[in-house]
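In: Provided below for reference: sequence and predicted model.
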Amino acid sequence: MSALRTLQVESRCSLFLSFAFAVVAFSVGLNALLKAKQERSYINQQVIPIGIIDIGIHDVFVTGAVITALCALLALLSGGFCAFTWCPVKHKVSFFRMQSWTLFFCAAWLFATLVTYDYFFATRSAQITINLDGLPVPEPVIQRLANLLNFTYAYRDVYFLRLLAVIPWFAFIMAVAAGVVLQLAAGRDTSASSIEQDRKPDRVGQITQA
């Protein structure tokens, strides 16, 4: 198997792995968002009869939603790019490089969001306030009510948020790896095209001499 053929196979494998891990990360993110909304709805239903409750999880919810959307985008791009490798296009260099830089951009965006999310996950907790007839309920009472409802304050103790803090990193790694392999494939395709062009004048000269 030629080196170019080998790189094409590696490109398809790396893009497929990027697609697979992005799909898994997207599923984890979507599950975390749905679970968070379900828990908020459950707490609201339990507390509404006695007062107005506000559960502040805006920080992890927004960053988690961005991570989920980026993983969905990476899944679509990686799947589309993987299918493109079978297209009968003669010179794929420009396409390979465009795909590579697109994956790098999405991976960089995902990296920045993951760092922000992991910081919130490790250091922050949900903020709960309850108002009863316009008066704020004291913190010890809120804490006792949260214990009765099995509500967890610290983000790092919530299992579905923990999964979202870990799994998308694999999607990030595979997206970067796929981008690197596409860059290598583009460079090898360029070298192969140059060698082919250098051989053509030699063939013409041999035919002329004959």
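Out: Ah, there it is.
In: Can you list the residue ranges for strands in this structure?
Out: 52-56, 127-132, 135-136 (DSSP state E).
In: okay, those in TSV with mean neighbour count, mean pLDDT and distance to Trp109 next?
Out: Glycine gets a C-beta too; all of them are placed from N, C-alpha and C. Shown next, in TSV, are these (neighbours: other Cβ atoms under 10 Å; pLDDT from 0 to 100; distance: least, Cβ to Cβ, whole Å):
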stretch	mean neighbour count	mean pLDDT	distance to Trp109
strand 52-56	15	72	25
strand 127-132	15	74	27
strand 135-136	10	70	39
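In: could you redo those as TSV and give each row distance to Arg144?
Out: Converted to TSV, those look like this (distance: least, Cβ to Cβ, whole Å):
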stretch	distance to Arg144
strand 52-56	14
strand 127-132	11
strand 135-136	15
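In: Of those, which is nearest Leu15?
Out: Of all the strands of the chain, strand 52-56 sits nearest to Leu15, with 39.6 Å by Cβ to Cβ.
In: Indicate each strand paired with that closest one and its parallel or antiparallel sense.
Out: strand 127-132 (antiparallel) (DSSP bridges).
In: tell me the centre residue of this protein?
Out: Cys71 (3.1 Å; Cα atoms, centre = their mean).
In: isn't that one right next to Ala171, touching?
Out: Yes. Using Cβ atoms under 8 Å, Cys71 is in contact with Ala171, at 5.4 Å.
In: what residues are shared contacts of the two?
Out: Ala22, Ala25, Leu110 (Cβ atoms under 8 Å, 6 or more residues apart in numbering).
In: any idea how far the last one lies from Ser94?
Out: What it means is Leu110. 25 Å (Cβ to Cβ, to the nearest Å).
In: More neighbours: which of those two?
Out: Between Leu110 and Ser94, counting by other Cβ atoms under 10 Å, Leu110 is the more crowded of the two (25 against 11).
In: Count the residues that sit near the closest residue in space to the more buried one that isn't next to it in sequence.
Out: In space, and not counting its chain neighbours, Leu110 is closest to Leu70: 4.7 Å by Cβ to Cβ, 6 or more residues apart in numbering. Around Leu70 sit 26 other residues, with neighbours defined as other Cβ under 10 Å.
In: Please report how far Leu70 lies from Asn131.
Out: Leu70 is 36 Å from Asn131, by Cβ to Cβ.
In: any weak-confidence spans in this structure?
Out: 1-7, 47-52, 88-93, 133-134, 146, 188-210 (pLDDT under 70).
In: So which residues of it form helices?
Out: Applying DSSP state H to the chain gives helices spanning 3-47, 58-84, 93-123, 139-148, 159-209.
In: Now do the shortest one against strand 52-56, angle only.
Out: When you say that, I think you mean helix 139-148. Helix 139-148 runs at 80 degrees relative to strand 52-56, counting by axes from the mean of the first three to the mean of the last three Cα atoms, to 10 degrees.
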